[in-house]
Every structure is written in structure tokens, then in C-alpha cells.
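Trainee: Just to be clear, the model below is a prediction. Sequence and coordinates:
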Amino acid sequence: MRGVDLDLGPAADRVRAEVRAFVARHAPGGRYPPDWGRRLAEAGFVVPHWPRPWGRGAGPAEQLAIDAELRALGAPRPLNPIGIGWAGPTLLVAGTPEQQARWLPGILDGSELWCQLFSEPDAGSDLASLRTRARRDGDVYVVAGRKIWTTFAHVARWGILLARTDPTVERHHGISYFVLDMRSPGITVRPIRQMNGAADFNEVVLDDVRVPAAHRIGAEGEGWRLARVTLANERVSLSGEGALWGAGPTADDLVDLVRTHGGVRDPVLRHQVVRVWAEGQVLRLIRLRTVSARLAGLEPGPEASIRKALADGHGQRVMATAVALAGAYGLLADHGPFGTPTGAWASGFLFSRALTIGGGTAEVQRNILAERVLDLPRDQASSRSAATNAS
Ligand SMILES: Cc1cc2nc3c(=O)[nH]c(=O)nc-3n(C[C@H](O)[C@H](O)[C@H](O)COP(=O)(O)OP(=O)(O)OC[C@H]3O[C@@H](n4cnc5c(N)ncnc54)[C@H](O)[C@@H]3O)c2cc1C
């Protein structure tokens with residue numbers, strides 16, 4: 001059972017028809033040209049809610065309609081999560097016209113991948129304690145320090161970087177926000193091998209890297225405010241029903257597999273399957289609530305934070321149930337439930353440990369909910385976490 005969805009009305013039907021015509025014109029017969037990403041970006045279909053010329057200034061209904069149609073057609077979209085989710089919104093808020101013109105096109109068409117250099121070995125949840133230094137020297141800043149868990153640093157063309165420009169002032173006020181050319185001399189990228197065998201993130205050593213002052217975003221000392229602007233820039237979650245931060249298989253997919261295989265005999269396991277399915281439905285309803293509030297023109301409420309706090313544990317339970325359904329096959333990296341030959345479930349199980357760490361840990365999310373939604377009193381530790389890394 002897939003449950004209800006939103007009816008976006010006749011205007012959305014017109015937008016969907018426009019997307020269909022665009023795809024038919026530029027990718028006849030489902031053959032996508034090499035510059036497909038650029039064409040999609042120029043039409044404003046990559047991030048429709050960004051203002052023109054980067055997007056279409058689309059409202060939530062139009063945005064959802066475009067996403068739904070592209071998904072229905074199976075049209076590929078540029079993959080640049082940090083560029084689109086973090087760097088782009090910050091450039092839109094605080095970048096100069098030159099900075100926007102230089103970086104936004106490559107973000108949108110996916111030709112320039114971005115990474116995010118925020119976390120440090122001693123500055124994760126408490127990001128404001130970061131120590132990487134950026135010292136002004138004429139037209140450049142000289143940056144020295146160590147970043148960690150930098151997803152895609154090994155393949156990224158550009159990075160958003162937080163560094164301390166003034167260690168003498170209150171710690172939140174001494175941080176600035178830069179764009180780092182990942183090809184600059186003095187950058188060492190060391191891959192970190194994960195337990196699923198991949199090495200998606202890295203340790204990055206910055207050894208007196210010279211960053212042009214023209215690559216600073218916003219004013220000196222404004223980095224913390226900008227980082228928070230970016231973090232707050234929650235876009236309406238359009239796709240994202242997958243159990244792994246919106247990607248990957250869902251609890252519904254698991255139930256479909258169970259059904260195909262004639263059910264589950266073990267009552268404990270059966271209970272587990274029903275539980276994750278029910279959780280999946282609750283999360284879906286929370287998501288629909290968020291989206292319909294946005295469609296009605298309301299400001300985002302706490303639902304997105306609540307959803308993250310619930311979705312991360314849910315993702316782990318979906319994947320753990322899949323492995324339990326695999327039986328002895330659960331030991332293999334390329335087999336899913338019932339021995340189905342797919343690595344998505346097995347690697348998803350291993351990846352799922354990251355869900356309650358990245359994007360703000362589960363504990364930090366709960367602190368945020370306690371303080372900002374339930375209005376509970378703050379304590380010393382949790383008030384530090386309120387200004388936190390949700391990368
Ligand atoms: C898959 C993945 C990708 C990532 N990609 C990036 C990236 O591209 N760029 C980047 O900059 N970072 C990235 N990160 C890092 C991520 O932002 C940090 O791991 C996260 O902020 C937690 O910081 P930490 O690991 O230093 O843990 P710590 O902050 O040291 O936390 C350790 C433990 O203490 C708990 N804790 C900490 N403070 C509190 C508190 N106030 N109250 C209660 N409990 C608390 C935490 O919940 C956790 O259990 C990524 C992380 C993951 C898992």
C-alpha cells in the first residue's frame with residue numbers, strides 16, 4: 001500500500017506538460033545528450049525555486065510538479081548535493097554578482113562538484129570551536145589547519161570552507177566563509193576508508209593555502225552567520241522517501257519484497273517488518289504535512305527537524321530488518337533480503353550507521369527539538385550545540 005499523495009491542481013498539470021515537452025525536445029527517444037545537465041540548468045529545472053536566471057523562482061507546487069515529472073520520466077539530474085544544497089544557497093544570499101556568475105552555473109549543471117570543509121577533529125557538533133586559521137596577507141588569506149569527514153574532497157573542484165580570521169574576538173564572531181579552490185597548492189586530501197569499502201570522505205590538511213580575498217563570501221567575521229543561513233535553508237523535501245537520507249530503498253520496497261517471497265514465517269521478524277512499514281507511513285505523513293504547509297504559504301515549522309530525528313533511526317531499522325530477512329545471505333556484501341542479488345540493501349545496512357551522525361547527530365537533533373520546539377531550559381552543553389553543525 002503506497003498511501004495518499006498531494007493533488008497539486010491544474011497549474012501543476014501545465015508545468016508537467018512543459019517538462020514533458022522539454023524532455024521530448026532535448027532527449028528524443030530517451031537519449032540524453034552529453035550536455036543534458038547544462039540544458040536542464042538553463043531551463044531552470046535543476047533547482048526551480050532559485051530566482052532567475054539560476055532557477056525559475058518557482059513556488060512549492062511548481063517545484064513539486066517539476067520534480068514529479070522528471071522523476072516519472074526517469075530523467076537524470078546533475079548530482080552535486082553540497083553545491084546545490086549548501087554552497088549555492090549561501091552564494092545566493094551573500095555572494096557578489098561576480099561570485100554568483102562564476103560558481104552557480106557549474107553547481108547547477110554538475111560540471112563542478114563541491115565539498116564542504118566545516119568539521120575538524122575537535123570541532124564536530126560544537127562547530128564554533130573550529131581552529132583552522134585564515135590570516136590576511138594583502139590580496140590573499142593564508143589558510144592553515146585540518147578538516148575531517150570532508151565528503152567528496154577527493155573529487156571536488158571547489159569547497160566551502162569555514163576558517164578563523166580573528167582568534168581574539170568572541171568565537172562565533174571570528175569565523176569567515178570562503179570558497180576554496182581544491183586545486184590550490186598546499187592541500188593534501190587523505191581518503192578515509194569506510195566499513196562498506198567505499199572512501200567517500202576524507203581528511204584534508206591545509207598547509208598555508210593561499211585563498212584570494214575575492215573568494216571570501218560576505219564580510220570578514222560573518223562566516224558563522226552565513227553558515228547558519230545555509231543550514232536554515234531547508235528546501236521542501238521533494239523526493240527523498242528513501243531510507244538513507246532520502247535515497248535508497250524504502251520500507252515499502254521491503255514489504256514488496258516480502259510479498260513477492262510469500263511472506264515471513266518468523267513472527268518476530270514479521271512484527272519487525274510491520275513496525276518499519278508503519279514508521280515509514282508516519283514519516284510520509286509528516287513529509288506531506290510539511291509540504292502542504294508550504295503549499296499553503298506557511299513558514300516551515302518544526303516538522304523537518306522532527307522528521308530528521310525520526311527518519312535516521314527508521315533508516316537504520318529498515319536496513320537492519322533487510323539484513324535479518326536475508327538470513328545467512330546477510331553476511332554477503334552483494335545480496336539483499338531472501339538472497340536477492342542486490343548490493344543496495346547490504347551496503348545500505350553498513351552505511352546506515354552514518355545516519356545518526358551526519359547532518360547533526362541524533363543527540364544534537366534532540367537538543368534542538370527540546371530547546372527550540374518544546375522550549376525546555378537550556379543547559380551549558382546543549383546551548384553550545386544549538387549553534388551546531390548540521391552538515
Ligand atoms: C556520512 C557523513 C558525511 C559527512 N560529511 C561531512 C562533510 O562533507 N563536511 C563536514 O564538514 N562534515 C561532514 N561530516 C561530519 C559531521 O558533520 C560530524 O560528524 C557531526 O557534526 C558530528 O561531529 P563529530 O563526529 O565530531 O562528533 P562529536 O561532536 O564529537 O560527537 C560525539 C558524540 O557526542 C555527542 N554530543 C556532542 N555534543 C553533544 C551535546 N551538546 N549534547 C549531547 N550529546 C552530544 C554526539 O551526539 C555524539 O554521540 C559528515 C559525517 C558523516 C557521518
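Mentor: Here it is on my side, so go on.
Trainee: Where does the stretch 1-150 of the chain get nearest to the ligand, which residue?
Mentor: Per Cβ to the nearest ligand atom, Gly124 is where the stretch 1-150 of the chain lies closest to the ligand, at 1.8 Å. For glycine as for every other residue, the C-beta is placed from the backbone atoms N, C-alpha and C.
Trainee: before we move on, what about the stretch 151-300 of the chain?
Mentor: Closest contact between the stretch 151-300 of the chain and the ligand, by Cβ to the nearest ligand atom, is at Thr151 (3.5 Å).
Trainee: tell me which element that residue falls in.
Mentor: For Thr151, there is no host helix or strand (DSSP states H and E).
Trainee: Bridge partners for the closest residue to it other than its chain neighbours, pull those for me.
Mentor: Leaving aside its chain neighbours, Thr151 sits nearest to Phe201 (4.6 Å; criterion: Cβ to Cβ, 6 or more residues apart in numbering). Beta bridges link Phe201 to Ile192, judged by DSSP bridges.
Trainee: All the helices of the protein, residue numbers only.
Mentor: 10-26, 36-42, 60-73, 81-82, 88-94, 97-108, 223-232, 251-260, 267-295, 303-326, 343-351, 362-368, 380-386 (DSSP state H).
Trainee: outside of the shortest one, which residues touch it?
Mentor: Right, helix 81-82. Under the criterion Cβ atoms under 8 Å, 6 or more residues apart in numbering, residues Leu113, Trp114, Cys115, Gln116, Thr151, Phe152, Ala156, Ile160 lie in contact with helix 81-82.
Trainee: Among those residues, name the ones in strands.
Mentor: Trp114, Cys115, Gln116, Ile160 (DSSP state E).
Trainee: Kindly reformat those as TSV containing distance to the ligand, pLDDT and neighbour count.
Mentor: As requested, the ones in strands among the contacts of helix 81-82 are arranged in TSV below (distance: Cβ to the nearest ligand atom, whole Å; pLDDT from 0 to 100; neighbours: other Cβ atoms under 10 Å):
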residue	distance to the ligand	pLDDT	neighbour count
Trp114	10	98	26
Cys115	6	97	29
Gln116	4	96	26
Ile160	9	97	27
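Trainee: Could you export those as a markdown table, including distance to Glu299?
Mentor: Below are the ones in strands among the contacts of helix 81-82 laid out as a markdown table (distance: Cβ to Cβ, whole Å):
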| residue | distance to Glu299 |
| --- | --- |
| Trp114 | 28 |
| Cys115 | 30 |
| Gln116 | 26 |
| Ile160 | 26 |
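Trainee: so which of those comes closest to Leu285?
Mentor: Gln116 (31.1 Å; Cβ to Cβ).
Trainee: Gly197 and Pro105: what is the separation?
Mentor: Going from Gly197 to Pro105 by Cβ to Cβ, to the nearest Å gives 34 Å.
Trainee: residues from the stretch 151-300 of the chain in reach of the ligand?
Mentor: Taking Cβ under 6 Å from any ligand atom as the measure of proximity, the stretch 151-300 of the chain contacts the ligand at Thr151, Phe201.
Trainee: one more time with 8 Å, if that's ok
Mentor: Thr151, Phe152, Ala153, Asp200, Phe201 (Cβ under 8 Å from any ligand atom).
Trainee: Please identify which two of those residues are farthest apart in space.
Mentor: Within those, Ala153 and Asp200 form the most distant pair, 9.6 Å apart (Cβ to Cβ).
Trainee: So these two - more neighbours on which side?
Mentor: Ala153 (26 against 18; other Cβ atoms under 10 Å).
Trainee: If we ignore the residues flanking it in sequence, what's nearest the more buried one?
Mentor: Closest residue to Ala153 apart from its sequence neighbours, by Cβ to Cβ, 6+ apart: Asn202 at 4.2 Å.
Trainee: Quick check: phi and psi on the residue of the chain positioned farthest from its centre?
Mentor: For the chain, the largest distance from the centre (Cα atoms, centre = their mean) belongs to Arg265, which lies 37.6 Å off. Arg265 has phi and psi values of phi -80, psi -40 when expressed as degrees, to the nearest 10.
Trainee: mind checking pLDDT for it?
Mentor: The score at Arg265 is 92. That number is its pLDDT.
Trainee: now Asn389
Mentor: Reported pLDDT at Asn389 in the predicted model: 54.
Trainee: what do you get for Gly242?
Mentor: We note a pLDDT of 87 for Gly242 in this prediction.
Trainee: That one against Ala251, yeah?
Mentor: No. Assessed by Cβ atoms under 8 Å, Gly242 is found out of contact with Ala251, at 10.0 Å.
Trainee: which one of those two has more residues nearby?
Mentor: Neighbours per residue, other Cβ under 10 Å: of Gly242 and Ala251, the larger number sits with Ala251, 26 against 17.
Trainee: Could you tell me which residues make contact with the closest residue in space to that one that isn't next to it in sequence?
Mentor: The shortest distance from Ala251 to any non-neighbouring residue, by Cβ to Cβ, 6+ apart, is to Gly280 (3.4 Å). The contact partners of Gly280, taken as Cβ under 8 Å, 6+ apart, are Glu241, Ala243, Thr250, Ala251, Asp252, His314, Val318.
Trainee: residues contacting Thr361?
Mentor: Going by Cβ under 8 Å, 6+ apart, Thr361 touches Gly124, Ser125.
Trainee: let's see 7 Å
Mentor: Ser125 (Cβ atoms under 7 Å, 6 or more residues apart in numbering).
Trainee: What score does it have for pLDDT?
Mentor: 90.
Trainee: ok, now how distant is the residue of the stretch 151-300 of the chain closest to the ligand from Ile192?
Mentor: From Thr151 over to Ile192 the distance is 10 Å, taken as Cβ to Cβ.
Trainee: next one: Gly327
Mentor: 32 Å.
Trainee: correct me, but the residue nearest to Thr151 touches Lys147?
Mentor: No. Using Cβ atoms under 7 Å, Phe201 makes no contact with Lys147, being 10.2 Å away.
Trainee: If you average pLDDT per helix and strand, which one of the chain comes out bottom?
Mentor: Using mean pLDDT, DSSP states H and E, the weakest-scoring helix or strand in the chain turns out to be helix 380-386, at a mean of 51.
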